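Student: Provided below for reference: sequence and predicted model.
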Amino acid sequence: MYSTIISGAFMGIHAFLVSVEVDISPGLPTFQMVGSLSCEVRESKERVWAALKNAGLDIPPTHITVNLSPADLKKEGTALDLPIAVAMLEALEYFPAAATKNVLFLGELSLNGEIKRVRGVLPIVGEAAKQGLKECVVPLENAAEGAAISGIAVRGVRNIGELLQFLCVAPADRKKLLPAHRISTEKLFGRRAAWEGNDFAQVSGQESAKRAALIAAAGFHNLLLVGPPGTGKSMIARRIPGIMPPLTLEESLEVTCVASVAGTLKEEQPLVTARPFQSPHHTISQAALTGGGSVPRPGVISLAHRGVLFLDELPEFQRNVLDSMRQPLEEHIVSVARANANVSYPADFMLVCAMNPCPCGYYPDRNQCRCTQMQVKRYMSKVSGPILDRIDLCVELHAVDILSLQSSSPQDSSEKLQGRVETAREIQKRRFVGTKYRFNGDIEGGEVERYCVLGKKEQKCMEELYASLKLSARAYHRILKVARTIADLAGEDVINTGHLLEAACYRPVREYWI
Amino acid sequence: MKEKENYYAYWLYSLPGIGVKTIDRLLRICQSPSEIYAASDELLKRVLGEKQLISLREAKSVWRLQEEYEELKKRKLGFVWRGSGEYPERLYHIPDAPFALFYRGRLPENHSPSVAIVGARDCSRYGSYVAQELGRYLGEQGVSVISGMARGIDGISQEAALKAGGISYGVLGCGADICYPPSNRRLYEELIEKGGVLSVYLPGTPPLSRNFPPRNRIVSGLADAVVVIEARSRSGTLITVDMALEQGKEVYVVPGRVTDRLSDGCNRLLKQGAGVFLSPQDFVEELRELKERQKGNKNPDVGKCGKPVVTKEQENQIRKGKHLLSEELQSVYMLLNFEPQSIEEISSLLPKPLSASEVSVILMRLCMEGYAVQVSPGCFCTGNRDSS
């Protein structure tokens, strides 16, 4: 007796369909599984066996062979438990073979027959829809996640018994038994206000840092905050996702895919609708940051895709860890090459870094800081040049005096700032129609001049800046990009000298501290 | 003959375990280094201990007098000792005078005026500005600058003096053939070319921290007066001042703000009665008077007031600035000083409130013209005179 069931697995964030074949024939009672399996999949044999037994289903002592095809692709995860069980039941003729035709199954089995949540439902269901499948059965806890894909009916099941009942009834009654899960994307996107509890209005003083954060959010520029402890560096960083333009559905699906594969998706939040904010501790390993492991998993930079990656205490990070971000920062994709797999994850994030200006944190306030120039220099040089090169804006924070803390002058709220960012975003959207760019921060070196056109007066200003500030070519382009964003924020088509000068003020230069 | 004596002096000075004090005692029983070399063990025993005697005997057996000295010359190192004619005259008069000196370049001239400038290594912009101005003026006036070639005030003042065409001498706390700190390599080369680098330590001595305080007595000893620019209350610079006072040198101090920890030591010295440094011009004039007085001449004119540290050119610049800058730029420019100030601070001090971004635009414009300097991403100071 032979049966085949459709299921899916993923590699990186790319899913592929897997057909689960089961052959049951008389002979010595064995249970064999083949098809390039990882150890979790290999273990599923025991789970399936026990789950079926405990669900009250009788598996006769026969020769059982399970094959997962394509047999040359490595399969991992526990989502193949359920399809194996279904295939066995079908081979044992518990229900007609037609019942599972063109239905995709996913789910982990518990020994008592319950079906538990799995990783990667969204990309697999997405792939199934792309391949023209119309129906899939997933664990109930993952149903909402799968339902984000349109054009495919996603049904959530709790346990084997429920599923068996579903497969046994006539096709017409199926819908009644397990209605397809529906989510309202409008409703999900509706309860927004990402700045709730993290409002910029709570940050008093630090005008230039807030201004830089606004510019960074508007143009998706990488930002470096420098300042003594307790001046609000992390406070500002934490509020940046709240003023970035809201995620579009397309972006949200990308972000949710990564979260789904990484297993960080929450049940009550089937779609990620807020911009991600990741702030790893500085002891993070390279594999945790960029993704990896012998079975590749997305790293923190991929979880920060379309959002903010905040690295607090930048010089404390291991140098090789920071340097591993160089390629993703350029290409917005991180490739993880392993002996048995070569996967890539999206990594289009905005890098926000914070650091103290010296080991004690108070330089250049010589009344408090007694670090020698050498110490300051050494501390600064822990941040490698290539990383600094990829930062567009750098801003310094200073201790806020008590007066401005107490003053009740109204601060710009996140809502207001987000409005300004969205206006700038619209302008950029129009500018980059038909190109690969999305924000000013994405513009590559060679094309900066195409998008950041300068008038005669402005060109002269740039020349003077170039000479007086001893700029490098890269710094020159960075200033242009930032100036473009500043002009967009002001709603102006043409970059003027004011925009250029302000952008120049935020340029990150290594020599500052040396 | 003279040259020969040098061989012996070098041998004597490089004996391990025998310091300047022992050499002095040896010279009391023998007349010259060569006599010490030739002296019998009985005679030496009167001064030397058992171990010292052994080390002297050993050194005698391996040390090839002429070759070693030639080797020194080959390495472009000069050697003077108290008995040689070139030994700086000023050093004869200081307590604890070194027995010998190694040098590269030249030795300070005996009668030309010279000033020691000492101060904090991690100086503020104010300190570095004053050091630069003083060094430059002294260089122009032909007064040599003596300092320790350290980071901060030392190096800045020496560099400025050399740049202005003056002469400067660096006294090192390591061997004269070693450049410390390595970041001052250019200054080191330039000093050798235009002035000199000297050290009481044997060539090849690494920069040990215990060697630095003693060299300060040479710094002050070679100078007619000492100027202190920025010193914390427990600064190493104060050691130099103590030594200078012990040597009977005049000490001038650049006053600092009372809130400035970097000037605590300076202000304390002022309270104790040190000379007040008002401007390079004023200081050099006082120095001249001092010299006259030392020569025994009566000082004719008394009662002149000090000029402010802001130079003529700077005043011109301010006036020019006033003239050229628009009202907005002017109002921001007037707020700048040598203390790094943040954009927020500046905007809070402005008569007319401006937003942070407006202020940063104005500041960058001032930077571009050389009226301001961006010292760190968010801090600005008045511009360098040079860059305008």
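Tutor: Sure, I can see it.
Student: where are the low-confidence patches of the stretch 251-400 of chain A?
Tutor: A:340 (pLDDT under 70).
Student: right, and chain B sits closest to which residue of it?
Tutor: Per CB to the nearest CB, residue A:396 is where the stretch 251-400 of chain A lies closest to chain B, at 2.9 Å. To be clear about C-beta, it is placed using only N, CA and C from the backbone, and glycine gets the same treatment.
Student: tell me the domain boundaries of chain B?
Tutor: B:2-105, B:114-295, B:312-382 (automatic domain parsing).
Student: what about the second one, average pLDDT?
Tutor: For domain B:114-295, the mean pLDDT works out to 91.
Student: again with the first one
Tutor: Confidence for domain B:2-105, expressed as mean pLDDT, is 86.
Student: with the last one instead?
Tutor: The average pLDDT within domain B:312-382 is 80.
Student: how far off centre is that domain?
Tutor: Computed by CA atoms, centre = their mean, to the nearest Å, the chain-centroid distance of domain B:312-382 equals 33 Å.
Student: close to chain A: what parts of chain B are there?
Tutor: Within reach of chain A by CB under 8 Å from any CB of the partner chain, chain B has these residues: B:121-122, B:124, B:151-152, B:259-262, B:340, B:342-345, B:347-348, B:355-357, B:360-361, B:363-365, B:367-370, B:374-379, B:387.
Student: restricted to helices, list those.
Tutor: B:343-345, B:347-348, B:356-357, B:360-361, B:363-365, B:367-369 (DSSP state H).
Student: in ChimeraX, how would I select the buried members of the residues of chain B next to chain A?
Tutor: Here is the ChimeraX selection string for the buried members of the residues of chain B next to chain A, based on 16 or more other CB atoms under 10 Å in any protein chain shown:
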select /B:121,122,124,151,152,260,261,262,340,342,343,344,345,347,348,356,357,360,361,363,364,365,367,368,369,370,374,375,376,377,378,379
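Student: hmm, back to that, residues in contact with the residue of the stretch 251-400 of chain A closest to chain B?
Tutor: Applying CB atoms under 8 Å, 6 or more residues apart in numbering or on different chains to residue A:396 gives the contacts A:208-209, A:226-227, A:357, B:342, B:376-379.
Student: among those residues, which two are most distant?
Tutor: Spatially, the most separated pair among these is A:208 and A:357, at 15.2 Å (CB to CB).
Student: could you single out the nearest of the ones in helices among the residues of chain B next to chain A to residue B:332?
Tutor: Within these, proximity to residue B:332 (CB to CB) peaks at residue B:363, which comes in at 6.5 Å.
Student: could you report the neighbour count for the residue nearest to that closest one when sequence neighbours are not counted?
Tutor: Distances taken as CB to CB, 6 or more residues apart in numbering or on different chains place residue B:380 nearest to residue B:363, at 5.2 Å, with adjacent residues excluded. Applying other CB atoms under 10 Å in any protein chain shown, we find 30 residues neighbouring residue B:380.
Student: one more: residue B:185?
Tutor: By the measure other CB under 10 Å, the count of residues near residue B:185 is 11.
Student: assign a three-state SS to it, would you?
Tutor: Using DSSP: H, G, I helix; E, B strand; the rest coil, the three-state assignment for residue B:185 comes out as helix.
Student: could you say which helix or strand holds the closest residue to it other than its chain neighbours?
Tutor: Spatial nearest neighbour of residue B:185, excluding adjacent residues (CB to CB, 6+ apart): residue B:179 at 5.2 Å. According to DSSP states H and E, residue B:179 maps onto no helix or strand at all.
Student: is it true that residue B:179 touches residue B:191?
Tutor: No. If you go by CB atoms under 8 Å, residue B:179 and residue B:191 don't touch, sitting 9.7 Å apart.
Student: neighbour count for the two, which is higher?
Tutor: Comparing residue B:179 with residue B:191 by other CB under 10 Å, the one with more neighbours is residue B:191, at 28 against 21.
Student: which secondary structure state is assigned to the more buried one?
Tutor: helix.
Student: if I read this right, residue B:178 contacts residue B:208, doesn't it?
Tutor: No. Residue B:178 lies out of contact with residue B:208 (CB under 8 Å); the separation is 11.1 Å.
Student: ok, those two, which is more surrounded?
Tutor: Neighbours per residue, other CB under 10 Å: of residue B:178 and residue B:208, the larger number sits with residue B:178, 18 against 10.
Student: give me the phi and psi angles of the more buried one.
Tutor: phi -110, psi 130 (degrees, to the nearest 10).
Student: ok, and the closest non-adjacent residue to the residue of the stretch 251-388 of chain B found nearest chain A?
Tutor: Nearest to chain A, among the residues of the stretch 251-388 of chain B, is residue B:378, at 2.9 Å (CB to the nearest CB). Leaving aside its chain neighbours, residue B:378 sits nearest to residue A:396 (2.9 Å; criterion: CB to CB, 6+ apart).
Student: again, but for residue B:166
Tutor: Once flanking residues are discounted, residue B:166 sits nearest to residue B:139: 2.5 Å by CB to CB, 6+ apart.
Student: how far does the helix or strand harbouring that neighbour sit from its chain's centre?
Tutor: Using DSSP H and E, residue B:139 sits within helix B:125-141. From the chain centre to the centre of helix B:125-141 is a distance of 12 Å (CA atoms, centre = their mean).
Student: I am finished for the moment; much appreciated.
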